[in-house]
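> build me a structure from this.
(chains A and B)
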Amino acid sequence: MKKSRLPLAVTVLVLAFFYLPIVILIVNSFNSARFSSSWQGFTLGWYAQLFRSPEIWAAVRNTLIIAVTSTAVSLVLGTAAAFALHRYAGSRLQRLHYTLIYTPLVVPEILMGISLLMAFVAAGVGLGLFTIFLAHVTFCVSYVAMVVLARLQDFDFSLIEAAQDLGASPWQSTRKVLLPLLLPGLAAGGLLAFTLSVDDFVITFFVAGPGSTTLPLRIYSLIKYGAPPLINALSTLLLAVTLTAVVASQKLARLKR
Amino acid sequence: MKRHQRRRLQEWLVSLPTLFWLSLFLVIPTLLVFAIAFRPANPYGGIGPGWTLETIRSLWDAGYLAIAWRTLWISLLTTVLCLLLAVPTGYFIARAPEKWRNRLLMFVIVPFWTSFLVRVFAWRSLLHPEGLIKRMLEALGLAGPQATLLYHPAAVVLVMVYTFLPFTILPIYAAAEKFDFRLVEAARDLGARPFQAFRRVFLPGIRRGLLTAVLVVFIPALGSYIIPDLVGGPSSEMLGNKIAQRVFVDRNLPHAAALSAVLILAVLAPLIAVLVLQRKKDRADIVIGEAP
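Below is the predicted model of the structure:
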């Protein structure tokens, strides 16, 4: 039977389509031309200019503050949620719980942004780093819960029973058996939450206030009003950071599986 | 206390933190959107006292209808193009030797892990009048120097396909990987032409993957905002852009809320359509993923 070449051709095309813009962006970040797409010599000047910009550093600082705090809180909430979803699977409460956890994964970001903005305005909460933190926790929880839940489904709970049969207290068996085995899942969930928080634009845009500019917000205003090569350089750096985090989280998720 | 009751109590204790958080920051804000749509705006960008139907009435306007229609067709076209590219790709990856499958999958996933804003920006520079694509088209004689690639609905569709394609390939691949390809061979042995076997055996076999793919593209596409904002320009505005304009330019929150309420209903429609179309058995799994 003759096999069609079409699927191969489409796959090659799709992969080229995926990587072309990214490769050109990286290459152009080292291009000394300011506006043109033609190559005019290698430079690290855009990176140097980037490192000298105080606005970028302020944005990095805000981004990190929000990412670290929202990752920490969403890890705690998400892990508890995953535990409940797994342990009491099938109950009516958990079905509701699951729907709630799942909703942020399908709702368009703009709806989450606008509804949170409405809530903050209605409640009289001033917009700033704190409101961004609240918003980020709200969408990160779902991702953490899903990652940890996947890990829990592989977990052999008879290990806990064995530990308790051997005289471990519930606290001891949790700390010495469950947590170490769950750690790769927690790390993967945490890294995912961190990456999503660092990367989020739409929701942040709606709930940010004066002085709480994060890196994606800064990139957006650079795209709208700034110099393209500077964004190329910043994007390349961001890409390197995201990819490192993703590769690390993939490695962790697969660890000892 | 009875064992059963203690279990219930423990369940509530572990579930309460997220139930509380998501009620406060997801459920109540969504309900608020519907409520604020019926409130008047105040001149300071806030919400005025009393209730009004004025905002809802003002939505029935030719300008809005044009934008709603554009939002719909851009999202539909994006979904169709994504499927056309994703089905052959998902098929190819599922049929590749096992060693290659994971690598190919990695290649599909990696671009979707890079910053969304950065990817849109990359396209913005590619489509720029000074950009690579424009130059190539000019060199090939396919575009005149006056042609604009950016700020056109076609640019929006292109970048949306780029953004959503990985999300389409993954569920189709997952379904194709579980598909028993011997069925296609059997159909061929029974005299079906290759395309017939593909359409009448393979496509129905991956039906669930296709439905998931449609939902994960169509729903976020309806809420697109950055892509039309950065590569679309005024002639390609979508509902999302109008919502952002009402918030950031006009500072009219009730108006933004009314538009958002429309968007929420538009997002719910395809979900409900799938629920109705699907057989009872696998309804929930498609809409809310594989339940634990």
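> drop to CA atoms for contacts and neighbour counts, all remaining ones
OK.
> and residue A:63, how many neighbours?
Residues near residue A:63, counting by other CA atoms under 10 Å in any protein chain shown, number 25.
> residue contacts, it?
Taking CA atoms under 8 Å, 6 or more residues apart in numbering or on different chains, we find residue A:63 in contact with A:197, A:198, A:214, A:215.
> please name the nearest non-neighbouring residue to the first one.
The shortest distance from residue A:197 to any residue other than its chain neighbours is 5.3 Å, reached at residue A:67 (CA to CA, 6 or more residues apart in numbering or on different chains).
> OK, contacts around residue 44?
Answering for chain A, as no chain was given. Contacts for residue A:44 (CA under 8 Å, 6+ apart) come out as residue A:30.
> looking at chain B here, not the other one
residue B:251.
> for it, phi and psi?
Main-chain torsions, residue B:44, degrees, to the nearest 10: phi -100, psi 20.
> about what we covered before: number of residues surrounding the residue nearest to residue A:197?
Applying other CA under 10 Å, we find 23 residues neighbouring residue A:67.
> mind checking the SS state of it?
Following DSSP: H, G, I helix; E, B strand; the rest coil, residue A:67 is assigned to helix.
> with residue A:125 instead?
Under three-state DSSP, the three-state class of residue A:125 is coil.
> excluding covalently adjacent residues, which one is nearest to it?
Leaving out its chain neighbours, the residue that sits closest to residue A:125 by CA to CA, 6+ apart is residue A:131, at 7.8 Å.
> right, and that neighbour touches residue A:208 too?
Yes - using CA atoms under 8 Å, residue A:131 makes contact with residue A:208 at a distance of 7.1 Å.
> if we can go back for a sec, OK, contacts around the residue nearest to residue A:197?
A:133, A:193, A:194, A:195, A:197, A:198.
> again, 6 Å this time
Applying CA atoms under 6 Å, 6 or more residues apart in numbering or on different chains to residue A:67 gives the contacts A:194, A:197, A:198.
> now intersect those with the helices, please.
Among the contacts of residue A:67, the members found in helices (DSSP state H) are A:194, A:197, A:198.
> nearest to chain B, of these?
Using CA to the nearest CA, residue A:198 is the member of those that lies nearest chain B, at 9.1 Å.
> list the contacts for the closest one?
Contacts of residue A:198 (CA under 6 Å, 6+ apart): A:63, A:67.
> tally of neighbours for residue 8?
No chain in the question, so chain A it is. Using other CA under 10 Å, residue A:8 has 16 other residues around it.
> that's the wrong chain, I meant chain B
There are 13 residues near residue B:8, going by other CA under 10 Å.
> within the helices and strands, which one has it?
Assigned by DSSP states H and E, residue B:8 belongs to helix B:3-22.
> report the buried residues of that helix.
Of all the residues in helix B:3-22, those buried under the rule 16 or more other CA atoms under 10 Å in any protein chain shown are B:11, B:12, B:14, B:15, B:16, B:17, B:18, B:19, B:21, B:22.
> now stretch A:25-34
Across stretch A:25-34, burial judged by 16+ other CA under 10 Å covers A:25, A:26, A:28, A:29, A:30, A:31, A:32, A:33.
> quick check: closest non-adjacent residue to the second one.
Spelled out, it's residue A:26. Distance criterion CA to CA, 6+ apart; nearest residue to residue A:26, sequence neighbours excluded, is residue A:236 at 5.6 Å.
> need the contacts of residue A:63 in JSON lines (columns: distance to residue B:175 and pLDDT).
As requested, those are exported to JSON lines (distance: CA to CA, whole Å; pLDDT from 0 to 100):
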{"residue": "A:197", "distance to residue B:175": "30", "pLDDT": "92"}
{"residue": "A:198", "distance to residue B:175": "32", "pLDDT": "89"}
{"residue": "A:214", "distance to residue B:175": "39", "pLDDT": "93"}
{"residue": "A:215", "distance to residue B:175": "38", "pLDDT": "91"}
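> check the gap between residue B:168 and chain A for me.
12 Å (CA to the nearest CA, to the nearest Å).
> what stretches of the stretch 151-292 of chain B score poorly on pLDDT?
Applying pLDDT under 70 to the stretch 151-292 of chain B picks out residues B:275, B:278-292.
> which positions in it make contact with chain A?
Contacts of the stretch 151-292 of chain B with chain A, taken as CA under 6 Å from any CA of the partner chain, map to B:220, B:223.
> now do 8 Å
Proximity of the stretch 151-292 of chain B to chain A is confined to B:162, B:216, B:219-226, B:230, B:240, B:253, B:257, B:260, B:263-264, B:267, B:288, B:291-292 under the rule CA under 8 Å from any CA of the partner chain.
> which of the ones in helices among the contacts of residue A:67 sits closest to residue A:54?
The nearest member of the ones in helices among the contacts of residue A:67 to residue A:54, counting by CA to CA, is residue A:198 at 18.6 Å.
> so how far is residue A:239 from that closest one?
Residue A:198 is 11 Å from residue A:239, where distance means CA to CA, to the nearest Å.
> on that earlier part again, for the host helix or strand of the residue nearest to residue A:26, packing partners?
Element membership for residue A:236 (DSSP H and E) is helix A:228-254. With contacts defined as 3 or more CA pairs under 8 Å, 6 or more residues apart in numbering or on different chains; DSSP states H and E, helix A:228-254 has these neighbours: helix A:6-28, helix A:45-52, helix A:179-199, helix A:215-225, helix B:98-113.
> closest to residue B:67 out of those helices?
The closest of these to residue B:67 is helix A:215-225. By CA to CA, the value is 22.8 Å.
> report pLDDT for the residue nearest to residue A:197.
For residue A:67, the model assigns a pLDDT of 95.
> can you put the buried residues of helix B:3-22 in TSV and add distance to residue B:80 and pLDDT?
Compiled in TSV, these are given as follows (distance: CA to CA, whole Å; pLDDT from 0 to 100):
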residue	distance to residue B:80	pLDDT
B:11	43	88
B:12	44	91
B:14	42	89
B:15	40	92
B:16	41	93
B:17	40	94
B:18	37	94
B:19	37	95
B:21	37	96
B:22	33	95
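> residue contacts, the closest residue to residue A:8 other than its chain neighbours?
In space, and not counting its chain neighbours, residue A:8 is closest to residue B:92: 6.2 Å by CA to CA, 6+ apart. The contact partners of residue B:92, taken as CA under 8 Å, 6+ apart, are A:7, A:8, A:11.
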